[in-house]
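Peer 1: coords please:
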Amino acid sequence: MPEASTIGAGRALRFLTLSAAREIGILLCLSVMFPFMIHVIPVPEDSQLGPRLLPIFYAPLLAALLRRAGVAAAVALLAPWLNWALTSHPAPPGAIVMTVELVVFVLAMRALLARAGLRWYLAAPAFLVCKAGSALAVAAFPALIGGREAMRWAVQGIAIGLPGIAILILINWLVLRFYPPGAAGGGPRLA
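Peer 2: Residues are numbered from 1 along each chain as shown. Reported below is the predicted structural model:
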């Protein structure tokens with residue numbers, strides 16, 4: 001009998017260290033806590049603060065800025081589903097779209113960080129890329145957004161999310177300002 005390969009298992013075990021597991025746990029808690037806190041703020045009945053303030057993006061942004069690619073990917077994949085399991089929001093089609101958005105957001109942040117380095121504004125273009133990626137996904141599967149037109153849905157999402165984009169930029173700037181890169185500051189190192 002040939003031996004089973006353990007190449008992939010070794011890589012997975014190296015990623016899932018105690019430190020990474022702790023970071024994933026903390027960031028998943030934040031990814032549930034931020035939307036929950038936003039949704040308990042009293043607003044008029046027809047208003048929704050989640051799509052405006054984009055709280056589910058905060059924890060993946062923190063992980064991406066701290067150069068924790070595996071942690072950021074895990075949070076992006078799990079956060080919508082953990083929110084759904086605990087609060088029944090978003091509904092499964094929305095959770096699929098949100099998962100696509102968060103994964104594309106994290107990948108875009110990683111690519112922008114590799115290309116441009118640490119910059120205070122990178123969250124905005126990463127969010128625009130994530131909306132473009134999710135627009136492609138919902139164009140392929142329009143049932144995820146109730147059969148609406150994908151481009152109109154994406155543009156509306158960007159327009160509604162402008163305050164949230166500003167918050168993402170603020171978080172981006174605060175992390176770079178108060179958690180600077182390099183060994184002295186203890187922050188993320190430039191790759």
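
Peer 1: pretty sure residue 68 contacts residue 20?
Peer 2: Yes: counting by CB atoms under 8 Å, residue 68 touches residue 20, with 7.5 Å between them. Every residue, glycine included, has its C-beta placed from N, CA and C.

Peer 1: Same drill for the two, tell me which one is more crowded.
Peer 2: Legend: neighbour count by other CB atoms under 10 Å for residue 68 and residue 20, higher for residue 68 (21 against 15).

Peer 1: quick one, what contacts the more buried one?
Peer 2: Each residue near residue 68 by CB atoms under 8 Å, 6 or more residues apart in numbering is listed here: 20, 23.

Peer 1: Ramachandran coordinates for it?
Peer 2: Note on residue 68: backbone dihedrals following degrees, to the nearest 10 are phi -110, psi 80.

Peer 1: Equivalent analysis for residue 141, please.
Peer 2: Summarising the backbone geometry of residue 141 under the convention degrees, to the nearest 10, its torsions are phi -130, psi 80.

Peer 1: So it versus residue 54, what's the distance?
Peer 2: Residue 141 is 22 Å from residue 54, where distance means CB to CB, to the nearest Å.

Peer 1: Between these two, which has more neighbouring residues?
Peer 2: Neighbours per residue, other CB under 10 Å: of residue 141 and residue 54, the larger number sits with residue 54, 27 against 14.

Peer 1: Tell me the buried residues in the lengthiest helix in the chain?
Peer 2: As assigned by DSSP state H, the longest helix anywhere in the chain is helix 92-116. Using 16 or more other CB atoms under 10 Å as the burial criterion, the residues of helix 92-116 that qualify are 95-110, 112-113.

Peer 1: Next: stretch 68-88.
Peer 2: Of all the residues in stretch 68-88, those buried under the rule 16+ other CB under 10 Å are 68-76, 78-80, 82-84.

Peer 1: Next secondary structure after the helix or strand where residue 152 lies?
Peer 2: Here residue 152 is covered by helix 150-160, with elements defined by DSSP states H and E. Using DSSP H and E, the helix or strand that follows helix 150-160 towards the C-terminus is helix 162-178.

Peer 1: Other residues contacting that next one?
Peer 2: 51-55, 57-58, 61-62, 65-66, 118-124, 127, 158, 187.

Peer 1: so what's residue 190 scoring on pLDDT?
Peer 2: Per-residue confidence at residue 190 stands at 44 (pLDDT).

Peer 1: Now intersect the contacts of helix 162-178 with the helices, please.
Peer 2: Among the contacts of helix 162-178, the ones falling in helices (DSSP H) are 51-53, 58, 61-62, 65, 123-124, 127, 158.
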